[in-house]
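Peer 1: sequence first, then the predicted structure:
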Amino acid sequence: MRARLVALSATLLLIPALLAGCGGDDPSPAAAGAGTDTRGCVSSFDENTDYFPVHSTLEYAKNFTITYEKAYQVVTVKEPYPDGKPESYVLYRCGTPKPELTGDLADAPRVETPITSLYSGSTTHLPLLADLGRLDVLTGVATGTYVINKEVRGLVDAGKVVEYATNGQIDTERVVTGAPDVLMTDGYDVPEFQKLRDAGVPVVANAEWLEGDPLGRAEWVKFMAAFTGDEDKATKAFDKIEADYDAIAAKVPDEKAVPVLVGSMYQGTWYMPSGGSYVAKLLADAGASYPWADSTDAGSLELDFETVFTKAGSAKIWLADGEWKSLGDITGEDARYGQLTAVRDGQVWDNNLVTNADGGNDYRERGVARPDLVLGDLAAILHPDAFPNHTFAFYQQLK
């Protein structure tokens, strides 16, 4: 869909920030403890000590796993990019010996943690770091164009965070010179990644977008925490999101689902979320229905306008994802939109409430990490009487 296509540019985004050390004088709860310094590094190694006293557990995320040994953990991304083979990363506590590995892990990248520098491949990584209080480890972004987070945007604008793929292609020389502890991808694969690996830069896949559950996507905060050493913070942050999400879902009126129209056209094709997608799960939890909810695919369906109009053109509410600011913008782009009931009745809601002049959209940046806020918006649109005085985070009604 349009959001994903625009996000492809945003996802090649890697976000540098001023290196302030990992934790400074406020050591991570997961890293700090007896025999560790303020960063969380082991000052006196004991092979019998468990240096990961807080273990992350996963309930919703299906595309990565975390296992623990005493001085290191193994993070495995099952599908690092569409149809990609699993990739494992061995994360060992600073101050402990680099583990000697055999078998399937013999060639796995070994990363010393907590990391102090990260090149981020997607704006969706930013809220994860923000929730952990670890924006200080950001040291590189592909381009700052789509960044909404004001703190990160300020660092980019001030030249304190480097941009390494401003033209859409990774400048491998700039990345190698920057020598980040980790370059975290956007869940896609490009030839430059192998060049970086060969040059000694650990490339780590973040493929949250392949999760089919909105809370599963949000749970990738625990993936990020494995690298920053903030397991305890991640658990608390996610538990709050989960509780808020469940509380909103519980308030949705137990009545017949509200028919909606979803998505929009891009270059003549209407990208409709399939029934197995995370969008479909959000819609179901918000008390919405749409004609393609029974499809089982996890991605998007590619439809023409006539098909969409026939099956969903009479829906009274349209949940759009265009770049429009008014109803006039919609019909100006394609006059056929004017035939939709939601357009005629003025019930078009677009997820572009917070944007920047360069095309960045907070829904695409922060919405992945905050499904509770997305669900809150959807529930308020569909059931205004049940959610009075709602403050919208991502959606706005077009006039």
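Peer 2: Perfect, thanks for sending it.

Peer 1: for the protein, which helix or strand comes out least confident on mean pLDDT?
Peer 2: Evaluated with mean pLDDT, DSSP states H and E, the helix-and-strand set of the chain has its lowest mean pLDDT in helix 2-11, which scores a mean of 38.

Peer 1: in this structure, where's the longest helix?
Peer 2: Counting residues, the longest helix in the chain under DSSP state H turns out to be helix 231-251.

Peer 1: gap between Gly313 and Phe305?
Peer 2: According to Cβ to Cβ, to the nearest Å, Gly313 stands 9 Å off from Phe305. C-beta here means a position set from N, CA and C on the backbone, and glycine is covered the same way.

Peer 1: equivalent analysis for Leu91, please.
Peer 2: For Leu91, the distance to Phe305 (Cβ to Cβ) stands at 48 Å.

Peer 1: kindly report the same for Leu118.
Peer 2: For Leu118, the distance to Phe305 equals 42 Å [Cβ to Cβ].

Peer 1: what about Gly299, neighbour count?
Peer 2: Summarising burial for Gly299: neighbours were counted as other Cβ atoms under 10 Å, giving 16.

Peer 1: coming back round to it: pull out the buried residues from the next helix or strand after the longest helix of the chain.
Peer 2: Toward the C-terminal end, the helix or strand that comes next after helix 231-251 (DSSP states H and E) is strand 258-262. By neighbour count with 16 or more other Cβ atoms under 10 Å, strand 258-262 contains the buried residues Val258, Val260, Leu261, Val262.

Peer 1: now Glu219: how far from Ala61?
Peer 2: Here the criterion is Cβ to Cβ. By it, Glu219 lies 4 Å from Ala61.

Peer 1: ok, the two, which is more surrounded?
Peer 2: Glu219 (26 against 22).

Peer 1: mind checking how far that one is from Leu105?
Peer 2: The separation that Glu219 has from Leu105, given Cβ to Cβ, amounts to 24 Å.

Peer 1: ok, now Gly40?
Peer 2: 23 Å.

Peer 1: those two: which is more packed in?
Peer 2: Gly40 (24 against 17).

Peer 1: wouldn't the more buried one be in contact with Pro114 here?
Peer 2: Yes: counting by Cβ atoms under 8 Å, Gly40 does reach Pro114; the two are 5.3 Å apart.

Peer 1: excluding sequence neighbours, find me the nearest residue to the residue nearest the centre of the chain.
Peer 2: Among the residues of the chain, Thr124 comes closest to the average C-alpha position under Cα atoms, centre = their mean, at 3.6 Å. Spatially, and ignoring its direct neighbours in sequence, Thr124 is nearest to Val368 (4.6 Å; Cβ to Cβ, 6 or more residues apart in numbering).

Peer 1: can you pull the pLDDT of the one you found?
Peer 2: You'll see Val368 listed with a pLDDT of 95.
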